[in-house]
Structures are given as C-alpha cells and as structure tokens.
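K.L.:
Give me a model of this one.
(3 chains)
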Amino acid sequence: VRGTLASGVRAVPRPVSAAELVARLPTEMRVLLEGDATTRVEAVAPLVAAGPGTLSLVADHKRIDAARDIRAAVLIVPDGAGAWAAAARLVHPRPRLLLAHVLASLFPASAAQAEVSSQAVVAADAVVDGGRVDAFAVVGPGSRIGAGTHVMSGAVIGCDVRIGAHCVIHPQAVLYDRVVLGDRCIVHSGAVLGADGFGFERDGDRWVKIPQVGSVLVGDDVEIGASTTIDRGALGDTLVGCGVKIDDQVHIGHNCSIGARTMIAGCVGIAGSVTVGEDCLIGGAAMINGHISICDRAVISGGTLVAASISTPGQYTGVFPATDHRTWMRIAGQLRRSGRR
Amino acid sequence: VRGTLASGVRAVPRPVSAAELVARLPTEMRVLLEGDATTRVEAVAPLVAAGPGTLSLVADHKRIDAARDIRAAVLIVPDGAGAWAAAARLVHPRPRLLLAHVLASLFPASAAQAEVSSQAVVAADAVVDGGRVDAFAVVGPGSRIGAGTHVMSGAVIGCDVRIGAHCVIHPQAVLYDRVVLGDRCIVHSGAVLGADGFGFERDGDRWVKIPQVGSVLVGDDVEIGASTTIDRGALGDTLVGCGVKIDDQVHIGHNCSIGARTMIAGCVGIAGSVTVGEDCLIGGAAMINGHISICDRAVISGGTLVAASISTPGQYTGVFPATDHRTWMRIAGQLRRSGRR
Amino acid sequence: VRGTLASGVRAVPRPVSAAELVARLPTEMRVLLEGDATTRVEAVAPLVAAGPGTLSLVADHKRIDAARDIRAAVLIVPDGAGAWAAAARLVHPRPRLLLAHVLASLFPASAAQAEVSSQAVVAADAVVDGGRVDAFAVVGPGSRIGAGTHVMSGAVIGCDVRIGAHCVIHPQAVLYDRVVLGDRCIVHSGAVLGADGFGFERDGDRWVKIPQVGSVLVGDDVEIGASTTIDRGALGDTLVGCGVKIDDQVHIGHNCSIGARTMIAGCVGIAGSVTVGEDCLIGGAAMINGHISICDRAVISGGTLVAASISTPGQYTGVFPATDHRTWMRIAGQLRRSGRR
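P.N.:
Next up is the predicted model:
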C-alpha cells in the first residue's frame, strides 16, 4: 500500500492564490502572509507528501527544521519560524487552528439540496422542513427534520424525533423514537441514539426488563462518531450538552449527562447515571463506572477506569503502560505475592 | 441542554388512578397502596423532575428523606418508608422491580401488526408467520420469522435464519445466514449476529482464512444491545443461553458459550472458545481471554482482564482505579523499578 | 440452548469420500491419508459433536487421547498421532492449516453472480464492472466496483470510491467518499470506513472542526470485522496494508498506517497518527496511544495500553490479570499506599 496508494495529495476543487486564501479567512485571525502572495494552491498534503502546488502544515516548532526543504507551494507555519527559502507561508500562533479554517475554505461543504428521494420513506405527518432525505432512509411518524439537514442513505429516524437545522445524519445511523438533536450536529454511520438502557431487575430465576421510557436529548454543535451508542434514559433522559464531541465506538449508558464542550475519545465506555461536567477530556478507552459524578475540567487519561466521583479538576490516571513481557511478568509476580501477605 | 430540554417528564398514553394501576399488577406482587387511591397518574418522571400528576421512584431508603418534599402524585417507595404527607404511595420491598411492572403497564408495547411492507424484500420461500417486516428490511431465502416478530426498517436477515415469536429486530441489525434466535428476543440497532469468527492460519507469508462454517444459536428471552457483535463458530456454533442480557458494544468471539441468565455489561470483549457459566455478571469493559472457562455465578469486575479459567463462584478483579495523575506516576515508577530488580 | 440447539453439525452441500477430498487439496500440502479412503464425509462438526458421517479436527497432540474414541468418519490429525481404530485420518503437521483448506473445499464460496438489483441505487456514472449489488445497497457517483465483487443488501458506498475485484461488502457496511479498497477484501456488517477522524482545535469557548480531507486506503486481501471503524485522514490518508486481518469492534484513528499482514484482535483501539509495522500481533482490547510507532513483528498482549513507541520486536504487556476480589483489594491498597510515600 505504502508505495502505490499513499500519495496523500488531495486536489482542491478550485485552485486559489495564497493572497485569495488569506482574504477569505476571518479578519480577526490576523494571519500574516510571507513570501510570494500569488503562489497558487492546487492541492493539500501532509508534509511527507507535500510537493509543488500543495499547501501543507508545519504544526509546531519541532518540525520546522525538517520542513525547510519541503517543496510545498504554501506552508502554514507557527509564529517565529524565521526566514524561509521556498514556500509562501501563512504565519499564525496556532497553526492547527489556522489549518481548520483554511481547509474549511478550500473544501466548502456543499449545502444539502432540499429534496426527499422518491426511494425514501417519510411518514405522511413527518415534517422535512427544507432538509434532504436520501434513498432508503426512513423518517417516522411525527418526526421533524430542520432546514438544511441531510439524512443520508439508509439512516433510520424513528417516531416523534426532532432534528434541528444543518445537521448531517450519515448512512446507517439510527435515531430511536423521541430522540432530540440540536442544530449543526453530525452523526456518523453506525451510531445509535436512543436504544434501550441496560436495566433489568432479578425476579426469581429471570430478569425483568425495566421499560426505558426516557429519551436522549442532544444539544447544538455535537459530533457523534461512527458506531457510537447513546442509550435512552429509564425514567428521565440521557443528556449530551452543546458542543460535545464524541469519537467512534463510544458507549454512553442510560441517564448520563455529559456537560457542554466535553471531548470523549474513541472506545470510551460510560456506565449508567454518570454526570460528566463541562470541558472535560476523556482519553481513549477510558471506562467510567455508573452512578458517579465527574466535575468540570477533569482530564481522564486513556485506558483509565474511573471508579469513584471526582470533585477536583485535574488529570486522573490508573493504567500501567506496556513494558517488555518479562519485566511485566516480574512486576505482576511481585504484585501477586504482595496480595498474599 | 439542561435548562431547556431536560424536562424528563414523559406523559403516559392513558392516565389512570393509583387504584387502577395497582389492580392491573400481578396480584402475587402484593403491592400496598397508601394515601389517596383516586390520585391520577398522567406522566412519569425521575425524582428530580417529578411534579403534580407524575409517578416517580424512591429507589431505596437512602433517598427517602430527600424525597419527602417531592410534589409527585404517586411514588413507588420501599417497605418501611414511614408516614408521608403528600403523594400516594405504592409500597413494595423491591421498588425497582415494582417500577418495571408499573412502566410495563403504563406503556404497553404495541403488538406488531402482521404486515410485510411493499418496500421490504422477502424471499419467495421465506416464511413470515404472522410477523411484521418494515420498509427496506430484507428476509433471505429459506428464513422463517415467528408470529408477532417485528423486523424493523433496514434490518437484514440472511438465508436460512430462524427467528422465534414475539421478537423485535431493530433497524440496521444484521443476522447472517443460518443464525437461530429463540422467542421474545430483542436485538438492537447495529447488532451483528453471525459474522465470521477471527480464524486464520499462517502459511509462509500470508494468512489463510479458516472458513467459519458454524453459526450462532441464541435462546429465548435474550436481549442484545446496540452495536454488539456475536461471531459465528468455526466448526460448531456460538451459543447464547436463555435469558442472557447483553448490553451495547459487546463482542463475543466464535465458539463461545454463554450460560443462561448471564448479564454482560457494555463494551465487554470475550475472545474465542470461552465458556461462561450461568448467572454470571460481567462488568463493563471487562475482557476475557480465549479458550478458558468461567464457572456459574462468577462476578467479573468492570475493566478487568480474565486471563485464566475460574472455577469458584465469587468476584474477580484486576484493575487499579484512577487516582490523581501525580500519585499514579509515583506508583507506576515504583512498579517499574520493582521489575528491574 | 445447550441440549436442544447445539448440535453443531453442519452438513456439506455435496458429500465426498476421503480420497476425493485429498485429491482436491493442493498437492504441495502432501496430506497423508490413513484408514479407509472410501469413507464418506457428509458433514463437519467439532470433536464434541462429531459422529458417523462427520469430519472433525484433532488440533494438537494434547487432544489425541481424548479423541481416540470419537466416532467421526474422518479426522484431521497431527503428524505422529499413531495408530487409530475407527476413523479415516488426514495427517498433516499443521492440522488447523489443513482444516482451512478442507473447509474451503467442502464449502466452496459461490461466485457472486454479476447483477445489479432493481432495488439498489447505483449512480449513473458509477461502474459496476461485473460485480453484484443487492437490494437497498447504494453505489455513489464516480465509484467503481471490481469484477466479482459483491455489495450486499443495505451496504452504502459513497462517491468516488474504488473497490477491487472479488471483494465482499456485507450488509450495512459503509464506505465514505473516496475510500479505496484492494482486491479480495472482506468487509463485515456494520464496519465503517472513512468516517471523519477526531480532529478539533479549541478556539475560545468552542471546538473548531478540522475538516478531514484525507481518505482510507486499504490494500489487497484485507478482512475487516463487524462494527470496526477506520477513520479517514485529516491531511493525507489512513493506510491499511495488504493481508492485514482486523477483528470486530476495532477502532483505527485518522492517519494511522498498519503494516502488511498485521493481525488486530477484537475491541482494539488505535488512536490517531500511529504507525504499526508489518507482521505485528495486537491482542484483544489493547489500546495504542496516538502519534507513536510500533516496529515490525511486535506482539502486544491483550488488554495492554501502549503509551510509547516500540522499536524492538518482541512481546509487550502491561495488564494485571483478574484475581479474587479480596486479594486484589489488598494489592490495590498497597499500591495506593506506595503512591502516598
């Protein structure tokens, strides 16, 4: 693969000069343009694949020396990168943030054309208010899809669902009945919102299901990754605050509340009835036990199990990183012996 | 979200009085009704959102004092809760179990109307025996769907599959060829039953696939969560016993056998050829190595790796819970040094 | 389930004699046939279910004694298994490898008949070059499907996707725009290739999305398990080398590169910008932190977190296996105290 496929260069739909590009950015970003302002950007590429005609990123000062020889047309570089021979430079104290704006400008999202496919099923009393529904998608009775929202092929929207404006629901995503989604949300393929929470009570030799009659309420500007699951509440709702970003393969149990702008990396599992504060960072594959609270601005390291409530902002960790197998076996042996004493 | 969306109150389809509600419950539950039996239940809500007209739950004695001021219409309370001023009370030694029955009564599941959508594809020789198949669902050749079973939009049922009576197969669930499901099962969206087990043998510089010619056999009263995967056996079948409850994002490898009534919480991974006994509880994100056996009534703590067989009932643990990052770094440093000795 | 459903015997589509079976295998395998060469194979079964007419596997020498009484028709046995009373034997130094070939011969994959379902949506300018597309599948504009490739029901192929020859895309799999897949790949249900990588930059009180303009490039002979997610690159592509095998519920972040023939077991999470070498083995539920490199032929134990780059082949471990809960509490208590010192 490496040799033949990985060119990594992506052409822009419409080439622009460095000067035009800067002119399109928000003026409050105060981007400094150095070098030849007429240099044209025809494609983007990571540094390893950057060549003539491409725009690329020097993410931080550590990469500057290695990047000096890159034959890119335009480079995004951090403040204080010093003199540069070849490429035109867009200089900014936060190169990744500038990249976000530059890419959004070079690859504008095409507005979803308001249209319901003749091969979609939209219930007679559902309202698709200037949105788009593709083939094999379903919008159930009583549901309401906001303006500019795009329900892609095969997505299934249950009954009495409300989806705000300018959302994208990718193929195969499922929103169960009564789920509510704010504006400008992105739900990736395979995500499931509103499946039943895991609630059973033992009665003799069987488990009795507790009907999960709550729902899932998601705020504005939330992104939900592929194959992520957010269960509906038992009594009451599961809540996801505005600006929350959730990666792939995350599980959020019933009756959780996730505070605004919290980031949840891939493969995280959050058990039921957990309250997570605002502006938290939860590292990949972290696990959070049920019925606990995590305060605002907590940082949970990847792979860490949180077993008890956290009330002080800061970083929390509990996982031993891999070492060579023999060393680990010695460590584990000593731990085991210490438990026998 | 919290202020505007999270009302958490859900109206019941048909309001009832407390007395009517009790009359509908199984008499062997012996529910005691205290207070005004004519109080009407118009909605349900968690305690934090309970108000006039709502029924809510006081799950245990710890919450009684906090709940005394709640202006709910009807409360489910534990035995011995003592005098109460405002609400009517349904008194029971196991409030959550009573809640399960009360919710089932207030929100009766609508029976799936026997009907095959004109936009579904059902093979000519498939039998849909009084079941319901929604738009864009597929039922392959030779498959058989039991009475009252509901195959929802976009679910794909392969060839020669057998599904019992009164099951619900949620949108986008997939049952590969020859999978067998008992009666009264629930399969949530994105669950995949019967994908190939992970079986390869190395031959020189390539992996040779071992065809996975077994299947997945699931008993009665099993619930399978969203995005859960249960792989088919290589030779022989993967078995899931009656009454097993599986949460979201669980993976069960090929040729496993899960004993009756075992509960598996979210994000658990069970490698291939594992035998799990009956009435086990497997905590969230636990991992179980391949080719081992776990006896009946074992309890595996969340986040724990089970590396060897377990032959004695009881609880098993192996995960260090999160602590503040600095303390953990000291612990990890000491562990590392102990491995060098 | 165990008693009634778990027969575990699967009939072969066309019975054959042991001699015929051997004749069909690659001659370079040099299989030795012992016993009655006319014995007919009518079914296959694991040892526990093997009976008259069945072929089964004695995987290694440890199982020979237990297998001597099995009333199977034909057994695959390891070299040096010695005399045997009943069954005909196919003798080979690597019984599992022989089983792979025998099963492939007994259950030949039916070639996908070139046909596009009238209930599929294939864009006017998409090319389905002798492939098959089933009902409710979608192939977007500009995409190209190779000869003999089967896009099953409900799979969604975006725009400008390239899929090689003789692939199988199972129901509900999703390939986002511009994903590239080589020849002879298998993508199981619920897998999502090319969803946006998890890239955001903080700007004041909000997260700004970094458009993910790269793609996912997958080589030949790759198998991707159910509900596995492989995110597209931000700048540049996510790469999966030839012969890589990925189990269910795996997550591979943006801009990763996975070397040829590496095996990744279920529930593994690999964060962004990770380079994994060739011929690595990554155990189930292992987690790999972002922006690190793992050399060729590294073995990562199941459940292990890899926090730093690995440059020497060998096995790496970092997870304490479950022990009884009390012992573990003593160990955890001592660890906690050691951190306080």
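
K.L.:
Figure out the length between the terminal residues of stretch A:254-262.
P.N.:
With C-alpha to C-alpha, to the nearest Å as the measure, stretch A:254-262 spans 18 Å from end to end.

K.L.:
Centre of the chain to it, how far?
P.N.:
Its chain's average C-alpha position is 15 Å from that of stretch A:254-262, according to C-alpha atoms, centre = their mean, to the nearest Å.

K.L.:
With stretch A:140-147 instead?
P.N.:
How far stretch A:140-147 lies from its chain's middle: 24 Å, per C-alpha atoms, centre = their mean.

K.L.:
mind listing what's buried in that stretch?
P.N.:
Of the residues in stretch A:140-147, A:140, A:142-146 count as buried by neighbour count, 16 or more other C-beta atoms under 10 Å in any protein chain shown. Glycine gets a C-beta too; all of them are placed from N, C-alpha and C.

K.L.:
In JSON lines, list the residues you listed along with pLDDT and distance to chain B.
P.N.:
Listed next are the buried residues of stretch A:140-147 as JSON lines, based on pLDDT from 0 to 100; distance: C-beta to the nearest C-beta, whole Å:
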{"residue": "A:G140", "pLDDT": "98", "distance to chain B": "8"}
{"residue": "A:G142", "pLDDT": "98", "distance to chain B": "14"}
{"residue": "A:S143", "pLDDT": "98", "distance to chain B": "13"}
{"residue": "A:R144", "pLDDT": "97", "distance to chain B": "14"}
{"residue": "A:I145", "pLDDT": "97", "distance to chain B": "16"}
{"residue": "A:G146", "pLDDT": "96", "distance to chain B": "15"}
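
K.L.:
State the phi and psi torsions of the spatially closest residue to A:R297 that is not a sequence neighbour.
P.N.:
Nearest residue to A:R297 in three dimensions, chain neighbours excluded: A:P313, at 3.9 Å (C-beta to C-beta, 6 or more residues apart in numbering or on different chains). Here is the backbone geometry of A:P313 (degrees, to the nearest 10): phi -60, psi 150.

K.L.:
okay but A:I210 is in contact with A:F198, surely?
P.N.:
No. Contact criterion C-beta atoms under 8 Å: A:I210 and A:F198 do not qualify, at 9.5 Å.

K.L.:
Show me which of those two is the more surrounded one.
P.N.:
In this comparison of A:I210 against A:F198, neighbours counted by other C-beta atoms under 10 Å in any protein chain shown, the higher total goes to A:F198 at 27 against 24.

K.L.:
for the more buried one, what are its contacts?
P.N.:
By C-beta atoms under 8 Å, 6 or more residues apart in numbering or on different chains, the contact set of A:F198 is A:231, A:253-254, A:272, B:225, B:245, B:247-248, B:265-266.

K.L.:
do the same with A:L98
P.N.:
Contacts of A:L98 were listed using C-beta under 8 Å, 6+ apart, and they are A:25, A:29, A:31, A:76, A:90, A:92.

K.L.:
go again using 6 Å as the cut-off
P.N.:
Applying C-beta atoms under 6 Å, 6 or more residues apart in numbering or on different chains to A:L98 gives the contacts A:76, A:92.

K.L.:
Confirm that it sits in a strand.
P.N.:
No. Counting by DSSP: H, G, I helix; E, B strand; the rest coil, A:L98 is located in no strand; its state is helix.

K.L.:
residues from the stretch 1-150 of chain A in reach of chain B?
P.N.:
Counting by C-beta under 6 Å from any C-beta of the partner chain, the residues of the stretch 1-150 of chain A lying close to chain B are A:121, A:136, A:138.

K.L.:
beta partners for the first one?
P.N.:
When bridges are called by DSSP bridges, A:V121 pairs up with A:V138.

K.L.:
Now do the SS call for A:V102.
P.N.:
The three-state label for A:V102, taken from three-state DSSP, comes out as helix.

K.L.:
Please report how far it lies from C:A271.
P.N.:
According to C-beta to C-beta, to the nearest Å, A:V102 and C:A271 sit 24 Å apart.

K.L.:
Also A:G131?
P.N.:
Taking C-beta to C-beta as the measure, A:G131 and C:A271 are separated by 34 Å.

K.L.:
Repeat that for A:Q113.
P.N.:
The gap separating A:Q113 from C:A271 is 36 Å, by C-beta to C-beta.
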